[in-house]
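Undergrad: take a look and give me a structure for this.
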Amino acid sequence: MATMKTSLNRKDKVISENENRIKFLQEEKTSLNDQLIELRVKVSEPTSQNKSFLDNKNTLVTRNENLRQEYNDLMMRLNKVTAENNKLMKEIGELSDKYSDIKDSKLTSNSQIDMIKRRCDELSMINKEYENRVDALEVELSEARSMLQERTREADYKAY
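TA: Just a heads-up that it's a prediction; the model follows:
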């Protein structure tokens, strides 16, 4: 009986130890479950953030591609505008040269016109002088004819 009592005491002690062990393990299980829940929450946040970051990255990559395309389009447009500007600048240079030539030609023409007008005025004055001289000579000639006719009449009269 003493051995049974000892055996029973041992079994009670083992049962008590096992109960304590079960209690400890249950508390540890509860603590581990709480930690697991916290870790799942903590893991879900970075996963959610990672998904958000991936979405932002994809949006930024798409925007970057669109901006590159827009940049390329703008560069092509800039090249076209630059080429057109160069063409217009060349045309402006040519027109400016033509304008200068025409302006110089006009100045030369105006100078020539002034010289011709002066020459015309000189010739007009010379012409008037000659016309006056011709008129004077015609008057002189008319007087000389009249005198000649008078002398011829006198001579004819004297001859008769």
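Undergrad: which element is the residue nearest to the spatial centre of the chain on?
TA: Taking C-alpha atoms, centre = their mean, the centroid of the chain lies closest to Val81, which sits 6.1 Å from it. Assigned by DSSP states H and E, Val81 belongs to helix 2-159.
Undergrad: distance between that helix and the chain's centre?
TA: Distance of helix 2-159 from its chain centroid, counting by C-alpha atoms, centre = their mean, to the nearest Å, is 0 Å.
Undergrad: distance of the residue nearest to the centre of the chain relative to Gly93?
TA: 18 Å (C-beta to C-beta, to the nearest Å). (C-beta placed from N, C-alpha, C; glycine too.)
Undergrad: report pLDDT for Tyr160.
TA: pLDDT, Tyr160: 63.
Undergrad: same question for Asp121.
TA: 96.
Undergrad: that one - how many residues pack around it?
TA: Neighbours of Asp121 under the rule other C-beta atoms under 10 Å: 10.
Undergrad: also Ser124?
TA: 10.
Undergrad: give me every residue that touches it.
TA: With C-beta atoms under 8 Å, 6 or more residues apart in numbering as the criterion, no residue contacts Ser124.
Undergrad: how close does Lys87 sit to Leu137?
TA: Lys87 is 72 Å from Leu137, by C-beta to C-beta.
Undergrad: no, scratch that, I was asking about Gln35
TA: 145 Å.
Undergrad: same question, Ser7
TA: On the measure of C-beta to C-beta, Ser7 and Leu137 end up 185 Å apart.
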